[in-house]
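Sequence plus predicted model, see below.
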Amino acid sequence: MGEQHHILSYGKLTGIWLILLTLSGLTVSITRIDLGGWKVLGALTIACLKAGLIIAFFMHMKYENRLLRGLLFLALTTLATYIGFTFFDVLYR
Amino acid sequence: MDLAEQSHTPVKGGFWSDTGKTGITAWIFSTDHKRIGLLYLYSTFTFFLVGVVLGLIMRIELMAPGRTIMGPDAYNALFTVHGVVMIFLFILPGLPGAFGNLVMPIQIGAQDVAFPRLNLFSWWLYISGAVIILTSLFTGGGPPDTGWTFYLPFSARTATNVTLAVLGVFIIGFSAILTGLNFITTIHRLRAEGMTWGRLPLFVWSLYATAWVQILATPILAITLVLIMAERVLGVGLFDPARGGDPLMYQHLFWIYSHPAVYIMILPAMGVISDIIPVFSRKPIFGYKMIAFSSLAIAAAGSLVWGHHMFTSGMSDRAILVFSFLTFIVAIPSAIKVFNWVSTLYKGSISLEAPMLFALTFILLFSIGGLTGLILGAAATNIHVHDTHFVVGHFHYVMFGGSGFAFFAAMHYWLPKFYGRRYAEKPAIVAWALMFIGFNITFLSMKVLGMKGMPRRYYDYLPEFATLNLISTIGSWILAVGLVIMLVNLFRGLFYGERIGSNPWGGATLEWSIPTPPPTENFAEEPVVTHGPYDFRALKGGGSGGEKF
Amino acid sequence: MNVLILLIRAEVPVNPAYLTTTTEAIDPVFMFIFGTCLVLLVGITAVMIGFVIRYHRSRSPEPTSQVAGNIWLEIVWTVLPTILVLVMFYYGWAGYLALRNVPKDALEVTATARMWSWSFSYPNGQSASKLYVPVNKPVKVRLVSKDVIHGFYLPAFRVKRDVVPGMNNQVWFVATKPGSYDLFCSSYCGSGHSAMISTVEALPEAEFNLWLQQTKAAGNLDGKTLLEKHGCLGCHSLDGSPGVGPTFKALFGSQVKVLRNNRPETVTADEAFLKESIRQPTATIVVGFQPIMPTTDLSNSDLQAMIEYIKGLK
Amino acid sequence: MTHSPHKDYFGAKLGMWLFLFTELLLFGGLFLLFSVYLAHFPREFAAAGRQLNWILGTANTIILLTSSLFAAMAVTAVQRNQVRRVMGLIGGTILCAAAFIVIKYFEWSAKIGHGIYPGSEHLKAGPPGESVFFSLYFMTTGIHGLHVLIGGTLLAWIAAKVKSGAVTADNYILLENGALYWHLVDLIWIFIFPLYYLIL
Ligand code: HEA
Ligand code: HEA
Ligand code: CUA
Ligand SMILES: [Cu+2]
């Protein structure tokens, strides 16, 4: 397994940070105005975006090998299925 | 106590002495996977005996209707402690902790696990958790009486010492997580040259699958236990209907972990069997790929069936539909394993030494347990037998007839390698026979009782159930006698029995290619693996890398 | 495929009258799955033992084959079990539906579970600690829990449903023969779990209706019936035998050691004390007992009747 | 042997990631409960959510994001062997952690001051959904806060290692793993924030 040590420049990191702040601002603003159910969707999509950025750059996942990425995907899908399958009960009771 | 015995083990050499360190600290602070493995063996084993005794006492109480030797509260505490000890202190850490640690690194040609210090830490967590659980029995409101499932709201109301016990289980869960990540990293990173994934012994494959379950399921148990404590200490009321909580959500959370947990118990056992059967039939395992794959399949599908413990709870019918369906799906990989094991025997040259006997018994008992699992998995039939002794019968067949007998097989198969001496064959067979008979008498009668409608966790029962309960109790004594004979013979043999060479059974996996007992670093020089784990012809031709034998 | 069709069928239709009894719906399924499993087990075991004997080292000193797999076999014993389990699953599900669709004309009874007693109340206000039902008439039981999770289990009718606080679970069954059938609490609920049993009393229609009317006509019930009805006797004995709660025998007028806000004191069990103990059980806790007694809402007349009865227990 | 267990850079990172997965699933359990109860009581959750101070929430979000930035930069710095800068950046991260905790403290005490805490009479009196919401709020933020503390301590310890020269440009896995842990703490908050403070 190649052990590449990719170094991110301070500039790039700061850039990511700025994007993250803007996204946070966006979340706040869309949830202030009334969008009904869409709020949830919007806020969560943005949250996922932010999470994605942090994982990809701050946590260097973008530069890791396929194994690590695969495993992360596995963990996330597991959590998703736990939640999803519980709703087979909750929604149809 | 056990450790003391070891220090005057007649066999010198290997990891017992080559570090020069002796005395208790050389054990409880050692980072050598073999020593840690033995620590796990002796600790889980001790707790196992505790659980066994509790089980036998329970049987005595159930011998006759009404009060036999104790009152209801004592009995309720008994089955709770019995369940908690057996599951969290014995069978979950047992096989991975003891034999995973002992042989897995050697089988993949490694010096040790990836994080030896973390490995030691896991054991310490395990022991601390165990100690906390034991203290919970004698302090506060006395031993917990909730059943090992800790169902709310009852476990929030009872005055017994649930909080402490739950804390102990929490810590043990943490230990399991660390062991899991240690094993996964080890298997990914420390395989010797030539040890391709296609050449991993099936025991390693099963540990790999197990480790994933430990990592992905145990955190859910952790948070569930935290919520129980919060419920009791802070009264958060998250599962309290009066305050909008939903008791069924607790059950979901609990089983999201605890069903996969049953595969943590059985997968390593299946691995042991897959390693033993080829050796004693001198024939490569049949369908290596399918067995390896089915381990992963069980781990994956097994995380999606937890709802089958809640069919009567008032869960939605659609959920019952889905979970019942998936429960049947998860049976298929197990079936595949069984069929492949049996086919391995075909045209082999079978010798029925103790490890093989226990392995074959595993197949039979696990099949009985598993097939009754199907009866439980079908919605219609589950309703009748849920929460009856039928379920008790089911899980004793799989846990004890399955994992338990696999543990015995592993003890007879691998321990001589680490002690340099072996048990005597005849007494082992006698013990096996007694246990086999006693086991079926004890737990088959429980299945019948269940079908006749005797609920579980019943301290007292109606006269119509008396006969079968009496039979079951008598069976448990036969079983216990068998167990005692087996253990005496086994450990007598390990300490004073006849000496063995490096490869008594003619196995082809790496652990048999190194001296007996193995040296601390396992391999003199890094082995180069040139053949598969069950390639016995290669063995005759001189064997794998490492020393000759 | 299979599942999808079933997903749609998951909606439980309510059919007019019952077609089969719950027992008739479950037993064939049990027989089928059990039988299949038995056949499989015997088959596998036979083959295994056969191989062990035939290829024992004494008979075959060397392995006569080194085959390590066969793709066709693998396919066969993957596909066949799959089909087999799908069939089992299907029957299992179909049988379950029968348990779920309650006949419309079913008689409604409410079962109230407490630690550790059952009480059953009927539409006309009649109530009892046994479940009286008419023969050949479907009965729908609403399950209510006053405290923790209990389980309503009738082995004879193959029905079981947990009694979960805050949920309105229900079961239905029909007794085809007069007689008395066991009723268990199947879900662990503490000390009295195994004592939390009662019976289903199946009476011929006429007899049942008579029962339904008569005791009600008797108007206000006597103390004993009340104690039974409100589940007191689940914890308190009348004959001095030990229970989860102190016995009522010779209670009145006796000296009782209690904890009042955790401070020990001795009180005479007079009427006031009994009233208090029943109205707010947690006010005083009798030494040596758990503070687990539930509050029960009682009419003053009922309360009085009970206390009069307790007084009488010398 | 080729990969000696002790200096296996990738192995160590793999181990850390596996551990992060378990942390993810730990909070996953709480998010599961949240989603289920949100489905049960949308209205009560909306009402209760509005009682939380979204300004403090936003402040904490910014603080954590910044701390994450520092942590990430610290890794870059150590890779470039700029030891003093590493110390500074870790210091920054820890300061943010402290600030976060302080703000949380004020938030909590405000709520508790209003008689809102698990099992409080106020909640017992209020609508069921409200009690569930706040119980979840306290459990989730509580456990998250605990992780902030742990993360902070971890980084402080690593800083000491850097100072003593145990962590260097060619052996910085410890720092990288520490940073990973810290980012996870941030990740969790990224979901807590909208779910509890903003949605509805
Ligand atoms: C080692 C542990 C272990 C294992 C491996 C299993 C395996 C299985 N279990 Fe079991 N189970 C428990 C431990 C285990 N279980 C415990 C502890 C409980 C009780 C918890 C409690 O309430 O306290 C429980 C309870 C339990 C229930 C809930 C019962 C209830 O309370 O109502 C159910 C229901 O579906 C179930 C099903 C199954 C199934 C379908 C399998 C399958 O994986 C079995 C697969 C195996 C086979 C199918 C046999 C081998 C195959 C053949 C012989 C080939 C022929 C087979 C086919 C053609 C299909 N189990
Ligand atoms: C591994 C798990 C395990 C094992 C081995 C056992 C062993 C035994 N169990 Fe088990 N039992 C449980 C797990 C186990 N039990 C659980 C989880 C419950 C549910 C608790 C609850 O309801 O909450 C339960 C409940 C339970 C009940 C039901 C209580 C009730 O519902 O009313 C009864 C009743 O008789 C019983 C009896 C016994 C007996 C007589 C034994 C034994 O004493 C028989 C004697 C055993 C032996 C002779 C040897 C077994 C050997 C091995 C398993 C491996 C050996 C390994 C090493 C030596 C390292 N048990
Ligand atoms: Cu009520 Cu068990
Ligand atoms: Cu299960």
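On my side now, so go ahead. Ligands and ions are numbered 1, 2, ... in the order given.

So, low pLDDT: which residues of chain C?
In the predicted model, chain C carries pLDDT under 70 at residues C:1-19, C:215-221.

how about the residues of it that lie near ligand 1?
C:40, C:44, C:81, C:84-85 (Cβ under 6 Å from any ligand atom). The C-beta positions use only the backbone N, C-alpha and C, and glycine is treated the same way.

Tell me how many other residues surround C:Trp118.
Counted by other Cβ atoms under 10 Å in any protein chain shown, the residues lying close to C:Trp118 total 23.

Can you classify it by secondary structure?
Per DSSP: H, G, I helix; E, B strand; the rest coil, the local secondary structure of C:Trp118 is strand.

before we move on, the earlier item: could you dump the residues of chain C next to ligand 1 into JSON lines and include neighbour count, secondary structure and distance to chain A?
Converted to JSON lines, those look like this (neighbours: other Cβ atoms under 10 Å in any protein chain shown; DSSP: H, G, I helix; E, B strand; the rest coil; distance: Cβ to the nearest Cβ, whole Å):
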{"residue": "C:Leu40", "neighbour count": "17", "secondary structure": "helix", "distance to chain A": "29"}
{"residue": "C:Ile44", "neighbour count": "19", "secondary structure": "helix", "distance to chain A": "32"}
{"residue": "C:Pro81", "neighbour count": "20", "secondary structure": "helix", "distance to chain A": "24"}
{"residue": "C:Leu84", "neighbour count": "18", "secondary structure": "helix", "distance to chain A": "25"}
{"residue": "C:Val85", "neighbour count": "24", "secondary structure": "helix", "distance to chain A": "19"}
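
for these, which one is nearest B:Gly373?
Using Cβ to Cβ, the shortest approach to B:Gly373 within the residues of chain C next to ligand 1 belongs to C:Val85, at 11.1 Å.

so what's that closest one up against?
The neighbourhood of C:Val85, defined by Cβ atoms under 8 Å, 6 or more residues apart in numbering or on different chains, consists of B:328-329, B:331-332, B:374.

chain center to the helix or strand where C:Thr82 lies: distance?
Taking DSSP states H and E as the criterion, C:Thr82 maps to helix C:71-100. Using Cα atoms, centre = their mean, to the nearest Å, we find the averaged C-alpha position of helix C:71-100 to lie 30 Å away from the chain's own average C-alpha position.

all strands of the stretch 51-200 of chain C, in order?
Read by DSSP state E, counting those that start in this stretch, the stretch 51-200 of chain C holds these strands, from start to end of the chain: C:107-114, C:117-121, C:127-128, C:131-134, C:139-145, C:150-154, C:159-163, C:169-173, C:179-185, C:198-203.

Of the ones you listed, which is nearest C:Thr36?
Go through the strands of the stretch 51-200 of chain C one by one with Cβ to Cβ and the one that ends up closest to C:Thr36 is strand C:159-163, at 23.1 Å.

Give the other helices and strands that that closest one contacts.
helix B:379-385, strand C:139-145, strand C:150-154, strand C:169-173 (3 or more Cβ pairs under 8 Å, 6 or more residues apart in numbering or on different chains; DSSP states H and E).

partners of it, with directions?
Each strand that pairs with strand C:159-163, with its direction, by DSSP bridges: strand C:150-154 (antiparallel).

Nearest to ligand 1 within the stretch 151-300 of chain C, name that residue for me.
Ranked by Cβ to the nearest ligand atom, the top residue of the stretch 151-300 of chain C for proximity to ligand 1 is C:Lys160, at 9.3 Å.

Chain B now?
When scored by Cβ to the nearest ligand atom, chain B has B:Gly370 as its residue closest to ligand 1, at 2.3 Å.

That residue touches B:Ser334, doesn't it?
Yes: with contact taken as Cβ atoms under 8 Å, B:Gly370 and B:Ser334 are classed as touching, separated by 5.7 Å.

How about the top helix by length along chain A and chain C, any contact?
For chain A, the helix that runs over the most residues, judged by DSSP state H, is helix A:66-92. Yes: against chain C, helix A:66-92 shows contacts by Cβ under 8 Å from any Cβ of the partner chain at A:Tyr92.

Return the set of buried residues in that helix.
Residues of helix A:66-92 classed as buried by neighbour count (16 or more other Cβ atoms under 10 Å in any protein chain shown): A:68, A:71-72, A:75-76, A:78-79, A:82-83, A:85-86, A:88-90, A:92.
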